[in-house]
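Quick one: sequence and predicted model below, then my questions.
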Amino acid sequence: MSDIPVVIVGSFLIAFKAVLLEGSEVAILSVATVTQLGKKNVLAGVLIGSLVSIFTFLAVRQVFVLLPDLLIDFITSAVLLYFSSRFLRGFVRYYFGKKSFRDKMSKMENEVVAKELKNVPAGESLGAMPFSFLNALPVLTITLTEGFEASLVLAAAGTFNFEWTIIGALVSIALLISVSAVSYQYLLRVPRWLLDLIAGVVLLSFGLFFLGSGVLSLS
């Protein structure tokens, strides 16, 4: 099935959207807190979290590959449909519920800084935080959380076409780095409801595609 054009396109789009959505939150928080937490602490948190996420992606994909083809179809479908429902709920929350993605990120930023404040010795400012694993932990935690979710989606997509899954993820990462290098505010200006809607529809479409493939295999 990995040579079918629709699977190639699907692997690319699924990977691209998964990394874009989950990675955007990490990028926004990293750039927003770098002054308070220090460049080395933020960079260490992002890099360690990213490496663990890559390992998770490869490990889960390997488990998928070892499964019978029929189970691969159904499990991939289940993963995609689950995350599709999450993104579509996000669309409803931000578009109809009038929730603010900017407010959500501001709250998360304050929580990250608050956690780091606990590590500040008495009489020392937050901006003078030395480099250490403990001081990188708040950003690491966020990166691991978002990276784990993205890795599950990538593993599902990578089961069918590994190369285009990697390409989709790399293109999305390059886009995030480029935008963040200019200003992370651009990431906040993109309507979150629109990103959630597109991602939800993409994952729903391919989730149903793989579900249909599994059902046809039963026949």
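Happy to help now that I have it. Small disclaimer: the values here were computed from a predicted structure and weren't measured.

Buried residues of the lengthiest helix in the chain, list them for me.
Ranked by number of residues, the top helix in the chain under DSSP state H is helix 5-37. For helix 5-37, a neighbour-count test (16 or more other CB atoms under 10 Å) marks 7-8, 10-34, 36-37 as buried. Heads up, the C-betas are built off the backbone N, CA and C, glycines and all.

Quick one: residues contacting residue 13.
For residue 13, the contacting residues are 168, 202, 206, taking CB atoms under 8 Å, 6 or more residues apart in numbering as the criterion.

And for residue 17?
Contact partners of residue 17, counting by CB under 8 Å, 6+ apart, are 172, 195, 198-199, 202-203.

quick one: which of those residues sit in helices?
Secondary structure of the contacts of residue 17 is defined by DSSP H; positions in helices are 172, 195, 198-199, 202-203.

mind checking pLDDT for the nearest residue to residue 195 once chain neighbours are set aside?
Spatially, and ignoring its direct neighbours in sequence, residue 195 is nearest to residue 21 (5.9 Å; CB to CB, 6 or more residues apart in numbering). pLDDT, residue 21: 91.

hang on, residue 21 packs against residue 197?
No. Using CB atoms under 8 Å, residue 21 makes no contact with residue 197, being 11.2 Å away.

Now do the shared contacts for these two.
Counting by CB under 8 Å, 6+ apart, the contacts common to residue 21 and residue 197 are residue 87.

any weak-confidence spans in this protein?
Counting by pLDDT under 70, the chain contains low-confidence ranges at 1-4, 117, 119-128, 219.

So which residues of it form helices?
All helices of the chain, identified by DSSP H, fall at 5-37, 39-66, 69-91, 101-117, 133-158, 162-182, 185-189, 192-218.
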